[in-house]
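# generate a structure from the sequence data that follows.
(chains A and B)
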Amino acid sequence: MDAQLKRGLLDVCVLAAIKNEDSYGYKIIKDMKPYLEMSESTLYTILKRLEAASMLTVRSAEHEGRLRKYYHITDAGLKRIEAFRAEWKEVISIYQFVTKGDGEHA
Amino acid sequence: MLKTAFLEALQSGLAGLPQQDIEERLAFYGEMIDDRMEEGLSEEEAVEAIGPVDRVINEIVAQTPLTKIVKERIKPKRSLRAWEILLLILGFPLWFPLMIVAFVLILVFYVVLWILVICLWAVELVLWAAALFGLVATVLYMLHGYVAFGVVLLGAALTLIGLSILLFFGCKAASVGTAKLARSIVRGIKRLFVGKEKAR
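Purely as a prediction, here's the structure:
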């Protein structure tokens, strides 16, 4: 996928990965893997950016005798997902315009 | 490679970044390795899944702004003593101009880097302007009855248009190439600051 397009989608995907329940780094990567592959350092940067934008909060909790960081989505984060859904309708109509008449030449 | 070896290599590779950043990164990658081991991978496999430590370091350095790296570099490691502060104040007339010179040098270097691209675009612009002028002149000469001269001018104008279209691709390639070069220079400068010294 085009790098520019992928970058725009990653933030929303990470938010979506923690939308229903709090999640942790490795689980986010695992959940996203079928759709979008990203490296650990990319995830780290995105999490930092989303935290700075108050779209998620971080807490450390004990797990199996060690600390694990859990990420929790905020209202601002949920709003970002909503905004993405609205934007996506536009993208789909553009997609339909781009592929219009593709079948007719076959 | 085992987890501790990976984290040690990462730590020394990131030396030069703010201490808090390094600790957060180490905790983050440590957690990633632990979670993979919990899922049944062996320690080596879990570390391998993260990728080569050099690539990880490169990614982190690329994602860290140069200003942050430089700021950390020039920040004193301890509070300054009275005589050091005095020296700094007394030395101001000396180090301040030197600092300005350093900034200007960096600026000049950047301008020089881009000057070829700017020149190419300038030539491109002039070619277009000349072609446009030629076309206008062609029409004027033709209207006044100088048909032969008008045809010659038309030919020249069309040649210029052709040249400028060709040059446009050259300009574009030069811009992209220079942007790439500038990026890799910034990356090189960052690597100069980060990771050379072993962990303090």
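
# tell me which stretches of chain B form helices.
Along chain B, counting by DSSP state H, helices occupy B:3-14, B:19-38, B:43-50, B:53-63, B:66-74, B:82-90, B:92-143, B:147-193.

# oh sorry, the question was meant for chain A
Taking DSSP H as the criterion, chain A contains helices spanning A:3-17, A:25-32, A:40-52, A:75-98.

# tabulate these (JSON lines), appending mean neighbour count.
Glycine gets a C-beta too; all of them are placed from N, C-alpha and C. Listed next are these as JSON lines, based on neighbours: other Cβ atoms under 10 Å in any protein chain shown:
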{"stretch": "helix A:3-17", "mean neighbour count": "16"}
{"stretch": "helix A:25-32", "mean neighbour count": "18"}
{"stretch": "helix A:40-52", "mean neighbour count": "18"}
{"stretch": "helix A:75-98", "mean neighbour count": "12"}
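
# if we can go back for a sec, for A:L43, find the nearest of the helices of chain B.
helix B:19-38 (8.7 Å; Cβ to Cβ).

# leaving out chain neighbours, which residue sits closest to whatever residue of chain A ends up closest to chain B?
Residue of chain A nearest chain B, by Cβ to the nearest Cβ: A:Y26 (3.7 Å). Counting by Cβ to Cβ, 6 or more residues apart in numbering or on different chains, A:Y26 lies nearest to B:D35, which is 3.7 Å off, once chain neighbours are set aside.

# tell me the contacts of A:T74?
Taking Cβ atoms under 8 Å, 6 or more residues apart in numbering or on different chains, we find A:T74 in contact with A:S54, A:M55, A:L56, A:T57.

# rerun at 6 Å
Applying Cβ atoms under 6 Å, 6 or more residues apart in numbering or on different chains, we find A:T74 in contact with A:S54, A:M55.

# picking that back up, export the helices of chain B as JSON lines, with columns for mean pLDDT.
Below are the helices of chain B laid out as JSON lines (pLDDT from 0 to 100):
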{"stretch": "helix B:3-14", "mean pLDDT": "91"}
{"stretch": "helix B:19-38", "mean pLDDT": "91"}
{"stretch": "helix B:43-50", "mean pLDDT": "89"}
{"stretch": "helix B:53-63", "mean pLDDT": "87"}
{"stretch": "helix B:66-74", "mean pLDDT": "80"}
{"stretch": "helix B:82-90", "mean pLDDT": "88"}
{"stretch": "helix B:92-143", "mean pLDDT": "91"}
{"stretch": "helix B:147-193", "mean pLDDT": "90"}
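
# any residues of chain B in contact with chain A? List them.
For chain B, the contact set with chain A under Cβ under 6 Å from any Cβ of the partner chain comprises B:F28, B:E31, B:M32, B:D35, B:V56, B:E59, B:I60, B:Q63.

# distance check, the last one against B:D21.
The span separating B:Q63 from B:D21 equals 11 Å under the rule Cβ to Cβ, to the nearest Å.

# ok, these two, which is more surrounded?
It is B:D21, of B:Q63 and B:D21, that has more neighbours when counted by other Cβ atoms under 10 Å in any protein chain shown, with 15 against 12.

# flag every buried residue along stretch B:132-139.
By 16 or more other Cβ atoms under 10 Å in any protein chain shown, the buried positions in stretch B:132-139 come out as B:G134, B:L135, B:A137, B:T138.

# which one of those residues is nearest to chain A?
Lowest distance from chain A to these (Cβ to the nearest Cβ) belongs to B:L135, with 35.6 Å.
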